[in-house]
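*Asks:* Show me the folded form of this:
(one chain, ligands or ions: 2)
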Amino acid sequence: MLPKWSRAAVLREYKVPLAIEEVQVPQEIEPGALLTKIDTCTVCGTDVHLWQGSLTRKVDLPVIIGHEMLGRVIGIGSGAERDSLGAPLRIGDRITWTRTHCGSCYFCTAARQPILCENARAYMYENVERYPYLLGGFSEYGYVLPEAGRVKVPDDVSNELASLSSCAFRSVMNAFDELGTIATTDTVLIQGCGPLGLLAVAVAKVSGARRVIVIGAPEARLALASEFGADVILSVEGTTAEERRAAVLDVSSGRGADIVMEFAGQPSAFLEGLQLARRGGRYVTVGLLGSGQMTFQPSIITTKNLRIIGSLGGEAKAYWKALDFIAAHQSHIPFHRILSNTYQLDEVNIALERMRLQQEVKPIIQIAG
Ligand SMILES: [Zn+2]
Ligand SMILES: [Zn+2]
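*Replies:* Ligands and ions are numbered 1, 2, ... in the order given. Reported below is the predicted structural model:
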């Protein structure tokens with residue numbers, strides 16, 4: 001017997017506190033779909049932007065907010081007995097899941113970039129009053145759409161770290177896929193030391209980078225960066241751009257970073273990234289998603305022969321790589337220190353407000369157990 005109702009945090013009007021409502025649980029699970037009981041959902045900056053109405057994408061209110069969720073399978077539609085990597089899925093298994101892609105549009109098929117699918121459906125953007133209702137993370141139950149990727153969580157990865165892997169970490173893993181190989185001689189510069197920047201430091205180091213430099217703030221986060229493997233730490237608050245440039249050149253034989261990866265989200269970081277990359281270097285941007293603008297001289301890209309790469313989101317492969325990385329390295333990398341405080345579903349507004357005020361970095365909404 002499936003449950004009839006799911007308590008969920010519903011957004012009906014921007015900037016107004018979310019109401020915890022009783023939302024219908026679909027009593028029919030389509031072929032290929034799954035129903036889950038959500039254990040945890042970590043909070044992402046995008047949740048706050050959606051709540052505040054400051055996203056550029058279309059949102060079909062009312063919606064259930066939250067998209068970094070970890071759920072336990074409680075219902076399996078026909079043909080959904082395996083995850084996206086072929087592992088068997090059974091009732092009780094823990095999974096993370098992706099937005100959908102259709103597999104039959106130009107971007108899915110010809111461009112082979114399903115993240116750009118023209119018919120994608122994503123969690124927390126779809127109307128809660130239409131079947132299958134439960135397309136958001138701050139909810140007791142969650143519905144996995146038939147076209148969504150789903151990845152079984154390794155037994156030794158905690159619910160909280162699995163949640164973190166479903167948005168923040170998969171975006172980092174996707175960025176490394178977009179980047180390509182890292183040589184043992186490469187200096188990698190990471191811009192930003194929020195959750196994504198810290199995770200990127202760890203992946204760059206484990207991937208064999210000669211040295212990893214991180215530029216960010218505040219001091220407490222920078223201190224954590226060294227525990228994630230950073231060799232050189234530069235405070236964006238305590239140094240001038242010229243001092244940072246001198247420091248980067250100093251450790252890279254005067255050439256600059258072979259690879260720069262942006263997770264800072266500040267438009268001003270873009271020009272600094274271009275300036276700190278060596279001639280012929282690669283630059284991946286991930287965090288620049290807002291409407292902010294900046295001016296720069298594009299000839300820097302041509303004259304330095306730079307490769308500029310954008311990286312958006314990530315598919316099932318990136319979720320799986322994130323989970324696998326945590327399973328492999330959690331004994332020596334303190335991933336849990338990225339997470340901040342834990343709140344119950346009823347306290348979701350407190351968590352969102354503290355995120356908005358930058359008093360929280362990555363709170364956890366504990367929904368079950
Ligand atoms: Zn997110
Ligand atoms: Zn498509």
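
*Asks:* Check whether stretch 118-130 comes near ligand 1.
*Replies:* No: against ligand 1, stretch 118-130 shows no contacts by CB under 5 Å from the ion, the least distance being 9.2 Å. C-beta here means a position set from N, CA and C on the backbone, and glycine is covered the same way.

*Asks:* neighbouring contacts of that stretch?
*Replies:* 8, 10, 21, 23, 47, 50, 57-67, 69, 99-102, 105-107, 134-137, 142, 145, 147 (CB atoms under 8 Å, 6 or more residues apart in numbering).

*Asks:* ok, now with 6 Å
*Replies:* 10, 23, 59-60, 62-65, 67, 99-102, 105, 135-136, 145 (CB atoms under 6 Å, 6 or more residues apart in numbering).

*Asks:* Is any residue of the lengthiest helix in the chain near ligand 1?
*Replies:* Ranked by residue count, the top helix of the chain under DSSP state H comes out as helix 316-329. No: against ligand 1, helix 316-329 shows no contacts by CB under 5 Å from the ion, the least distance being 12.5 Å.

*Asks:* Could you tell me which residues within that helix count as buried?
*Replies:* Ala316, Lys317, Ala318, Tyr319, Trp320, Lys321, Ala322, Leu323, Phe325, Ile326, Ala327, His329 (16 or more other CB atoms under 10 Å).

*Asks:* returning to that earlier point: what subset of the contacts of stretch 118-130 is buried?
*Replies:* Buried among these by 16+ other CB under 10 Å: 10, 23, 59, 62-65, 67, 99-101, 105, 135-136, 145.

*Asks:* what residues does the stretch 1-150 of the chain put near ligand 1?
*Replies:* Cys44, Thr46.

*Asks:* what are the ranges of the strands in the stretch 1-150 of the chain?
*Replies:* Remark: strands assigned in the stretch 1-150 of the chain by DSSP state E, counting those that start in this stretch are 5-11, 19-24, 34-42, 63-64, 68-76, 94-100, 141-144, 148-152.

*Asks:* helices or strands up against the fourth one?
*Replies:* Counting contacts by 3 or more CB pairs under 6 Å, 6 or more residues apart in numbering; DSSP states H and E, the secondary-structure elements packed against strand 63-64 are strand 5-11.

*Asks:* Contacts for the strand it packs on next, please.
*Replies:* 18-23, 25, 62-65, 128, 134, 138-141, 348.

*Asks:* and it, how far from the chain's centre?
*Replies:* 23 Å (CA atoms, centre = their mean, to the nearest Å).

*Asks:* What residues sit buried inside it?
*Replies:* Here strand 5-11 shows Ser6, Arg7, Ala8, Ala9, Val10, Leu11 as buried, counting by 16+ other CB under 10 Å.

*Asks:* ditto for stretch 127-145
*Replies:* 128, 132-145.

*Asks:* measure that stretch end to end?
*Replies:* The first residue of stretch 127-145 is 14 Å away from its last residue (CA to CA, to the nearest Å).

*Asks:* ok, back up a step: output the buried residues of helix 316-329 as TSV; include the columns pLDDT and distance to ligand 2.
*Replies:* As requested, these are exported to TSV (pLDDT from 0 to 100; distance: CB to the ion, whole Å):
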residue	pLDDT	distance to ligand 2
Ala316	97	15
Lys317	97	16
Ala318	98	17
Tyr319	98	18
Trp320	98	20
Lys321	98	22
Ala322	98	23
Leu323	98	25
Phe325	98	28
Ile326	98	29
Ala327	98	31
His329	98	34
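
*Asks:* domain assignment for this protein?
*Replies:* 5-156+330-366, 171-310 (automatic domain parsing).

*Asks:* From Pro3, how far out is Leu345?
*Replies:* 15 Å (CB to CB, to the nearest Å).

*Asks:* Neighbour count: these two, which is higher?
*Replies:* Leu345 (21 against 13; other CB atoms under 10 Å).

*Asks:* count of neighbours near the closest residue to the more buried one other than its chain neighbours?
*Replies:* In space, Leu345 comes closest to Ile367 once its chain neighbours are excluded; the distance is 5.2 Å by CB to CB, 6 or more residues apart in numbering. The tally of other residues near Ile367 (other CB under 10 Å) stands at 29.

*Asks:* Alright, calling it a day.
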